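K.L.:
Sequence and predicted structure below; questions after.
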Amino acid sequence: MTGQPVGAHVQGDDPLAEAEAVGAERIQLFLSNPQGWEKPPPRDDAEELKTSEVGIYVHAPYLINVCSPKPNVRYGSRKILQQTCDAAAEIGALAVIVHPGHAEDGIEHGFGRWPRTLEILESEVPVYLENTAGGDNAVARRFDALARLWEAAQGAKSDVPLGFCFDTCHAHAAGEDLSDAVERARAITGGIDLMHVNDSRDPPGTGADRHATIGEGHIDLDVLRHMIRAAEAPSVVETPRDPVSKLKADVEFVREALATA
């Protein structure tokens, strides 16, 4: 349990230096504008990142929504997801994390669009689906929907390795009972591959995806510690980076929670 690596989401200008500054064994970063459709540009430090002992996760752009009924959105989402996976392979990333999205024409239709996406996608880098905070017709907000999405994705005729990323703030925002949320998520997905450990600036059930420094939000710290330990997975904190001392303290909080298991 205590051997699980702990990391942080970093800006990515000098990711290895940023990792050292906050004491992170893992880092997560964007390879392109998280709010844009641009193809990730080549990185001058690609070889350095690929050979580093620091494990790297890549978060896909937020705009990706392969569940959309709009062909231009769906096809554009599949394209940037493919480009992100290709760029992640160039730096030796451990996985690409992506928000599953929402279907404006109804959640039922959304579930069925992920298998096709995975069948088209070509990636040696695993893709981790992440539970989401809110939004109308979101396919991975509540755990009953997550179960149906996971079943659909598992049924895809695809060689892409599939995993699951659990976000504490998102589960809180979705209104899930956090006391056993990790255990219920693991029962659905068979395990958690990555834990996003975040506090929340908002009360539970609001659907608001606003992360807070650990201890400065609405999630009970003992419950958060329990979730960290119950996940039995590597962790990344996605809390505010300014000042860096707070991000470093959040990394240490996770490490201490694992050490006291």
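P.N.:
That came through, no problem. Residues are numbered from 1 along each chain as shown.
K.L.:
Roughly how far does Ala88 sit from Val244?
P.N.:
25 Å (C-beta to C-beta, to the nearest Å). Heads up, the C-betas are built off the backbone N, CA and C, glycines and all.
K.L.:
So if I had to pick from the two, which one is more boxed in?
P.N.:
Per other C-beta atoms under 10 Å, whichever of Ala88 and Val244 has more neighbours is Ala88, with 26 against 14.
K.L.:
Let me know the helix or strand that that one is in.
P.N.:
Secondary structure assignment for Ala88, by DSSP states H and E: helix 71-90.
K.L.:
And the following helix or strand past that helix, what does it pack against?
P.N.:
Where DSSP H and E defines the elements, the next helix or strand beyond helix 71-90 is strand 95-98. Where contact means 3 or more C-beta pairs under 8 Å, 6 or more residues apart in numbering; DSSP states H and E, strand 95-98 is packed against strand 55-59, helix 71-90, strand 127-130, strand 162-167.
K.L.:
and strand 95-98, which strands flank it?
P.N.:
Strand pairing for strand 95-98, determined by DSSP bridges: strand 55-59 (parallel), strand 127-130 (parallel).
K.L.:
one step back: can you name every helix or strand that the helix holding Ala88 contacts?
P.N.:
Using 3+ C-beta pairs under 8 Å, 6+ apart, helix 71-90 sits against strand 55-59, strand 95-98, helix 107-120.
K.L.:
Adding mean pLDDT, distance to Ala138 and mean neighbour count, write the ones you listed out as TSV.
P.N.:
Putting those into TSV (pLDDT from 0 to 100; distance: least, C-beta to C-beta, whole Å; neighbours: other C-beta atoms under 10 Å) gives the following:
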stretch	mean pLDDT	distance to Ala138	mean neighbour count
strand 55-59	98	17	24
strand 95-98	98	13	25
helix 107-120	95	8	19
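K.L.:
if we compare these, which one ends up closest to Glu256?
P.N.:
strand 55-59 (20.3 Å; C-beta to C-beta).
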